[in-house]
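Colleague: Quick one, fold the following:
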Amino acid sequence: MQVRIGTRASALALTQTGHVAADLTAAGLDVETVRVRTEGDRSRASLAALGGTGVFVTALRDALLEGRCDVAVHSFKDLPTGAAPGLVVAAVPVRQDPRDALCARDGLTLAGLPRGARVGTGSPRRAAQLRAARPDLDVVDLRGNVDTRLGRVAGGSGPGDLDAVVLARAGLARLGRLDAVTEVFDADLMLPAPGQGALAVEVRAEDASGDGALAAALRTLDDPATRLAVTAERALLARLEAGCAAPVGALAQLVGDQLELQAVVAGVDGSRALRRTLAATAADVAAAADLGTRVADLLLEDGAAELAPVVPEQQDVRG
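Modeller: Below you'll find the predicted structure:
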């Protein structure tokens, strides 16, 4: 069976898609890669100005629905939390380390950066948590691919106008650039974006069920522990109605039969942050989604709506 995989054309997207393509090839499928240009690739505006989640997704989903590809590979953190009619995430492969990483000049850590150091990030979530940890830093908005961002660090191959940048460790690992990392942030300092480090393999709903070759191959890619974790994180995000333009971080981890979810909602200026941690037995994705919703409700009760653009309206993300 021939399968066309849609992907963005960035180095990271192609690398992520390549891993999925290799697994589908190993399962006996004939795989072809189809490059799709998205709104997020065309514009150089900040992610917040573009509308946050979804700017890297819509064109890929259109390609799926129009039959120009059969599979789309997304960074899970890029997917909007609302349902996509006619499509389903059929596989969630094993997650990379979801934490954020500092890439600084001269091997510096966050604590070692001098006062007033310029640190680049395109994420309001990272910016808010950086300001909470180091209010003296000059946090600079940043766009571009991984190499472009790393080139902004002094001593690198680019303009070198920054002292450090913050990137997802998972992306650096997939690109073989962990050599640039000077510190990996623990969750108590910086919680990652919901779904960070995980991939979402999306297909048309009719192709995800039954005994067909594609459906069978996708089932072998799915990692139940990762699916439970991202389900909880995204349920929290859906309940808060927060995309990547809002300072919301979350990390769920399965320990035995217990799923523990840590979450933070931070003021944009980093002056105040609300954190909650809750654990529950995770028998299935419905239980994981319920955990995420409950943690979001606790944050809203604590005043999260006063810190970030969140709205307490229920959304169903269990599909």
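
Colleague: Val268 versus Glu233, what's the distance?
Modeller: Using C-beta to C-beta, to the nearest Å, one gets 21 Å for the distance from Glu233 to Val268. The C-beta positions use only the backbone N, C-alpha and C, and glycine is treated the same way.

Colleague: So between the two, which is more surrounded?
Modeller: Under the neighbour definition other C-beta atoms under 10 Å, Glu233 and Val268 were set side by side, and Glu233 has more, 33 against 17.

Colleague: Report the next helix or strand after the worst-scoring helix or strand of the chain on mean pLDDT in sequence order.
Modeller: Per-element confidence for the chain was summarised using mean pLDDT, DSSP states H and E. The lowest value among helices and strands belongs to helix 47-50, with a mean of 48. With elements assigned by DSSP states H and E, the helix or strand that comes after helix 47-50 is helix 58-65.

Colleague: which secondary structure elements does that following helix contact?
Modeller: Judged by 3 or more C-beta pairs under 8 Å, 6 or more residues apart in numbering; DSSP states H and E, helix 58-65 is in contact with strand 2-7, strand 71-75, strand 87-91, strand 199-204.

Colleague: Out of the ones you listed, which gets nearest to Cys103?
Modeller: Nearest to Cys103 among those is strand 71-75; the distance by C-beta to C-beta comes to 18.5 Å.

Colleague: Out of the helices and strands packed on helix 58-65, indicate the one that is most buried.
Modeller: Per-stretch averages of neighbours, counted by mean count of other C-beta atoms under 10 Å, single out strand 71-75 among the helices and strands packed on helix 58-65, with a mean of 26.

Colleague: How about exporting that strand as CSV, limited to the C-alpha atoms?
Modeller: Listed in CSV are the C-alpha atoms of strand 71-75, where the atom choice follows Å, rounded to 0.1, in the frame of the first residue of the first chain:
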residue,chain,number,x,y,z
VAL,A,71,-1.1,11.1,6.8
ALA,A,72,0.0,14.3,8.5
VAL,A,73,2.7,14.6,11.1
HIS,A,74,2.4,17.5,13.6
SER,A,75,4.2,18.6,16.7
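
Colleague: ok, which stretches of the chain are strands?
Modeller: Secondary structure of the chain (DSSP state E): strands at 2-7, 30-35, 71-75, 87-91, 100-104, 118-121, 138-141, 164-168, 183-184, 199-204, 248-255, 258-266, 273-281.

Colleague: could you pull out the helices for the stretch 101-250 of the chain?
Modeller: 124-133, 146-151, 169-174, 213-221, 224-240 (DSSP state H, counting those that start in this stretch).
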